[in-house]
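Asks: Got a predicted structure plus its sequence, pasted below:
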Amino acid sequence: MQGNGPRPAPTSDRHWRGGARFATGCALAFFGMTLLVDWDAHTLTPPRTLLWLVMTSVIFTILLPQRVTAGPGWLAVRGLVRRQTVRTDALVSIRQYGDISAHLTLRDTDGRRLDVDPLVLVTNPLLWHELDTGVRRSRAGGTLLEGTDLLERLRHQIDDATARAVLRASGIS
């Protein structure tokens, strides 16, 4: 039975703000440069300004990373248009698609699916912990039947990255 105490705050991708700043900076630099070149060539008109603004919006949309958050029993990925959420304590399958630009697809018992970049999990141990805790509950409940070997490989990759970071911070490596 759960108490009436405060619920823990959700864990989120600690690198998302940097990615969002990068997307904003690139988009604004593109907009500024195109306006400057058009103005210098004396071809800057309102329709061309609108064209550059639309192209800037497209560049921003492409570069803006998805925001990944997790809490006890759930994982969510939010983009500009939609939000995907799965129950990590009721997962049915986990699959990996692609090699170079890989992404994990998680499905839960409610039929919801979520696509997440495994690099986000590797670089955010707290997100990985929330997912791993939910996966353990899914295994214990007998719902997770596909993808356990994939998670073991990812777990080893995360452990290796953490060990290297500890060694580098201590000056050993």
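Replies: That came through fine.

Asks: tell me which residues of the longest helix seen in the chain are tucked away?
Replies: As assigned by DSSP state H, the longest helix anywhere in the chain is helix 16-40. Buried residues in helix 16-40, counted by 16 or more other C-beta atoms under 10 Å: W16, G19, A23, A27, F30, F31, T34, L35, D38. Every residue, glycine included, has its C-beta placed from N, CA and C.

Asks: Touching it from outside, list them.
Replies: Here helix 16-40 makes contact (C-beta atoms under 8 Å, 6 or more residues apart in numbering) with 44, 48-49, 52-53, 55-57, 59-60, 63-65, 67-68.

Asks: I'd like the next helix or strand past that helix.
Replies: Of the helices and strands lying after helix 16-40 in sequence (DSSP states H and E), the nearest is helix 46-63.

Asks: Show me what the very next helix or strand once past that next one is packed against.
Replies: From helix 46-63 onward toward the C-terminus, using DSSP H and E, the following helix or strand is strand 67-71. Strand 67-71 sits against strand 11-12, strand 74-78, helix 125-141, with contacts defined as 3 or more C-beta pairs under 8 Å, 6 or more residues apart in numbering; DSSP states H and E.

Asks: Mind listing the strands the first one pairs with, and their directions?
Replies: Counting by DSSP bridges, the strands paired with strand 11-12 are strand 67-71 (antiparallel).

Asks: a strand runs through L114, doesn't it?
Replies: Yes: with DSSP: H, G, I helix; E, B strand; the rest coil as the criterion, L114 is located in a strand.

Asks: Great, nothing more from me.
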